[in-house]
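1. Starting from these lines, generate the structure:
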Amino acid sequence: MGFADEITLTGLRVFGRHGVYDEERRVGQDFVVDVTLFLDTRAAAESDDVADTVHYGETAEQVAAIVGGDPVDLLETLAARIADHLLTAERVDRVRVTVHKPHAPIPLSFADVSVTIERAREPR
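-> Next up, the predicted model:
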């Protein structure tokens, strides 16, 4: 590894049905996801070819499919699903994933609640 270049996508808003409560699953709500991919971008910089990097548009679509897919109870589980998928990209060495739930069922005034995880590829 040795290099820690980053590709970051922030504020991806996706409707999902995640949560512990039946009402959250029935009604659903928006989730906001931030991801940072850690990889070596030198080959892409040299070739100027998207095939030599991770396509952030495709990454956004993949993350959106996970968030909009099968419901889970916990943000931790959702973040782990996203991280595990992102680590399947050949070039990605490590990821940071934050899942925000700005409309969580908390009976107090708050701006946001989120879970952030970091995961790394197993040594090859």
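
2. where in the protein is pLDDT low?
-> Applying pLDDT under 70 to the chain flags residues 1-3, 124.

3. Break down it into its strands, ranges please.
-> 5-16, 29-39, 92-100, 114-120 (DSSP state E).

4. The longest one vs strand 92-100, what angle?
-> Note on geometry: by axes from the mean of the first three to the mean of the last three C-alpha atoms, to 10 degrees, strand 5-16 and strand 92-100 are set 40 degrees apart in direction.

5. Okay, buried residues for strand 5-16 please.
-> Across strand 5-16, burial judged by 16 or more other C-beta atoms under 10 Å covers 7, 12, 14, 16. Where you see a C-beta, it was placed from the backbone N, CA and C, and this is true even at glycine.

6. so the first one bridges to which residues?
-> Ile7 has the following beta-bridge partners by DSSP bridges: Leu37.

7. That one touches Ala44, doesn't it?
-> No. Counting by C-beta atoms under 8 Å, Ile7 stays clear of Ala44, with 9.7 Å between them.

8. Now for these two: what residues contact both?
-> The contact sets of Ile7 and Ala44 overlap at Thr53 (C-beta atoms under 8 Å, 6 or more residues apart in numbering).

9. Would you mind reformatting the buried residues of strand 5-16 (as TSV) and adding columns for distance to Thr59 while you're at it?
-> Below are the buried residues of strand 5-16 laid out as TSV (distance: C-beta to C-beta, whole Å):
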residue	distance to Thr59
Ile7	8
Leu12	9
Val14	13
Gly16	17
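
10. Quick check: the two most widely separated of the residues you listed?
-> Using C-beta to C-beta, the buried residues of strand 5-16 span at most 23.0 Å, a distance reached by Ile7 and Gly16.

11. Skipping adjacent residues, who's closest to Pro102 in space?
-> Leaving out its chain neighbours, the residue that sits closest to Pro102 by C-beta to C-beta, 6 or more residues apart in numbering is Asp112, at 4.9 Å.
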